[in-house]
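1. With the input below, show me the fold.
(chains A, B and C)
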Amino acid sequence: MNKLAWTDWRPLALRVTPEVLAETLDGGQSFRWFREARPSALRSLGEVGSQPESEVIWTGTWSDFVAQLKITDGQLWWRAPAALNSMVATTLSRYLGFDRDWAALTDTLPWRSDAHLAQCIAAFPGLRLLRQPFGETLLGFLCSATKQIVQIKRMLALLAERHGAEIGRARTPLRAGVAAKGLTALPFHRLPTWAELAVIPEKELRQCLLGFRTKFIHETAQYIAQRPGWLDETEQLPYTAARARLRELSGVGEKIADCVLLFGAGKLEAFPVDSWVLKSLARRYGLTGWQPAPVAHFGRTHFGPLAGLAQQYLFAWERKHGGR
DNA sequence: TGACAGGGGGTGT
DNA sequence: ACACCCCCTGTC
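-> Okay, the predicted model is just below:
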C-alpha cells in the first residue's frame, strides 16, 4: 500500500456552504482542522473581476485518524490517506455527527418565539456539533483559556508534533500552519494521550506555548493517570454528573467543562458561557451586566434541553457580526 | 523596522 | 477583583 497516496474523493450526504463548513470545523469546536486554498481552475484560466475563487481543502486530525474535506459544486467530499482509509471511513460519520438529524434537532429549538435565534439559524444553515474524542477535547479546551483559536491551534500542533505518535504520512502542501515544499510527505501526528502527557516534564510542556495552562495540564494528567478508567467513566455519565466530575480537574471550570461535554461527549444540554455568549445574551436578550452563572441558567431555561445547539448558533452569529 | 502596550473564547485564590 | 504566561496584533 502506498502510504503517500490519498484515496479518491467520495461524496458525503451533507449540503453546507463553505462558510458553514468553516464555522463547523474551525469555529471553536475543534482546533485540529487546517485549511489549504488552491487556485481554482477558473482562476488559472484567467477569470478576472469576481471574487478570487479558490478551492478550499480542510485537513483534520482526531485520534489516530486523518481526513480531508472539500466542497465542490455545493457537494461535500471527503478522502483519507489510503493506508488509513478503512478506519477513517467508519469513524468520520460519527465525528461529523451523521448519526443525528441536526435539522430536526434544530427545529425543536424555540426559534418560533425567538426572532434572534431564528435569525442565527437562518444565517448558518446546516451548522452542527462535532463529536470529538473525549480526552482530546479536554486537552484542547484546557489550552483555550484567554487564547484565540489560532493560538490554541498552534499549541496543540506543537503538542502533537513533539509528543504525539505518528499516525501516517501523506503528501499535502500545507499542514499545521507550516508550508511543506514540493513532494515531501510529512508525517501526521496524533495528540499525546493523557498517559503520555503525565510523564512529560512541565518544562517541555511549557515549550509548547502553554503558558500558565502548563500547570493545569500537568496536574490534570497526573490526576487522570492515578485513576484508570476515570476518563471513560466520566464520558459515559449523564450530563450533570459528568460535569461535576470534570470540575474536579485542575483548570476545568464551568465553561471548559461544558465545552468538553458539548463537543466531546454529545451532551447537547451543556451550555458553555464564554465571552462571546456573554456578549450575545447581553446585547440580544437584554442581560446586560449579568455574570456567567446566571446567564447559563437563563440559557438552559430559555433554550431548553438542546441549549448547547442554540449556543452554537448564537456563537457563530456573534463571531461574524462582532459589535454590531 | 523595532520596540511596546494591550488584550486574549477562564480559572483559582 | 486580580494574577496567572506569553504570543499576537496594532501602533508609534
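
2. Contact residues of chain A facing DNA strand B?
-> Contact residues, chain A versus DNA strand B (Cβ under 7 Å from any atom of the strand): A:27-29, A:144-149, A:151, A:212, A:216, A:249-257, A:259, A:272, A:274-276, A:315, A:319. Every C-beta, even on glycine, is put in place using the N, C-alpha and C of the backbone.

3. switch the cut-off to 6 Å
-> A:27-28, A:144-146, A:148-149, A:212, A:250-256, A:274-276, A:315 (Cβ under 6 Å from any atom of the strand).

4. Among these, name the buried ones.
-> Among these, the ones that count as buried by 16 or more other Cβ atoms under 10 Å are A:27-28, A:144, A:251-252, A:254-256, A:274, A:276, A:315.

5. May I have the residues that are in contact with residue A:312?
-> A:29, A:127, A:129 (Cβ atoms under 8 Å, 6 or more residues apart in numbering).

6. ok, now with 6 Å
-> Going by Cβ atoms under 6 Å, 6 or more residues apart in numbering, residue A:312 touches no other residue.

7. isn't there a helix covering it?
-> Yes - using DSSP: H, G, I helix; E, B strand; the rest coil, the assignment for residue A:312 is a helix.

8. per-residue pLDDT, residue A:2?
-> For residue A:2, the model assigns a pLDDT of 61.

9. For residue A:6, give me the backbone phi and psi.
-> With angles defined as degrees, to the nearest 10, residue A:6 shows backbone torsions of phi -100, psi 150.

10. Surely residue A:66 is in a helix?
-> No - with three-state DSSP as the criterion, residue A:66 is strand rather than part of a helix.

11. Tell me what residue A:37 is bridged to.
-> Residues in a beta bridge with residue A:37, per DSSP bridges, are residue A:56.

12. Which residues of the stretch 151-300 of chain A lie near DNA strand C?
-> A:151, A:154, A:206, A:209, A:211-212.

13. State the number of residues packed around the residue in chain A positioned nearest to DNA strand C.
-> Distances between chain A and DNA strand C by Cβ to the nearest atom of the strand are smallest at residue A:211, namely 2.8 Å. Using other Cβ atoms under 10 Å, residue A:211 has 14 other residues around it.

14. ok now do it, which residues does it touch?
-> Residue A:211 neighbours (Cβ under 6 Å, 6+ apart): none.

15. ok, then the element right after the helix or strand where residue A:138 lies?
-> Under the criterion DSSP states H and E, the helix or strand holding residue A:138 is helix A:134-142. Later in the chain than helix A:134-142, the nearest helix or strand by DSSP H and E is helix A:149-163.

16. in the stretch 101-250 of chain A, which ranges drop under the pLDDT threshold?
-> Residues of the stretch 101-250 of chain A that meet the criterion pLDDT under 70 lie in A:173-184.

17. Could I get the contacting residues of the residue in it positioned nearest to DNA strand B?
-> The nearest approach of the stretch 101-250 of chain A to DNA strand B comes at residue A:148, 3.0 Å away (Cβ to the nearest atom of the strand). Listed by Cβ under 6 Å, 6+ apart, the contact set of residue A:148 is empty.

18. And residue A:252, by the same measure?
-> If a contact means Cβ under 6 Å, 6+ apart, then residue A:252 has residue A:246 as its contacts.

19. mind checking the SS state of it?
-> In three-state terms, and counting by three-state DSSP, residue A:252 is coil.

20. same thing with the one 3 residues further on?
-> Assigned by three-state DSSP, the conformation of residue A:255 is helix.

21. didn't it look like it was pressed against residue A:271?
-> No - Residue A:255 lies out of contact with residue A:271 (Cβ atoms under 6 Å); the separation is 9.8 Å.

22. Okay, and the spatially closest residue to residue A:272 that is not a sequence neighbour sits in which element?
-> Closest residue to residue A:272 apart from its sequence neighbours, by Cβ to Cβ, 6 or more residues apart in numbering: residue A:258 at 3.8 Å. Residue A:258 belongs to helix A:254-264 when assigned by DSSP H and E.

23. For the following helix or strand past that helix, give the mean pLDDT please.
-> Next in sequence after helix A:254-264, counting helices and strands by DSSP H and E, comes helix A:275-285. For helix A:275-285, mean pLDDT rounds to 91.

24. Would you mind listing the buried residues in helix A:275-285?
-> Using 16+ other Cβ under 10 Å as the test for burial, helix A:275-285 gives A:276-281, A:284-285.

25. in the stretch 1-150 of chain A, which spans are strands?
-> In the stretch 1-150 of chain A, strands defined by DSSP state E, counting those that start in this stretch lie at A:10-12, A:33-39, A:54-62, A:65-72, A:75-79, listed in chain order.

26. Go through those strands and pick out the most buried.
-> strand A:65-72 (a mean of 21; mean count of other Cβ atoms under 10 Å).

27. related to what we said a few turns ago, let me know the closest of the buried ones among the residues of chain A next to DNA strand B to residue A:122.
-> residue A:315 (15.5 Å; Cβ to Cβ).

28. Out of the residues of the stretch 151-300 of chain A next to DNA strand C, name the two that are farthest from one another.
-> A:154 and A:212, at 16.1 Å, using Cβ to Cβ across these.
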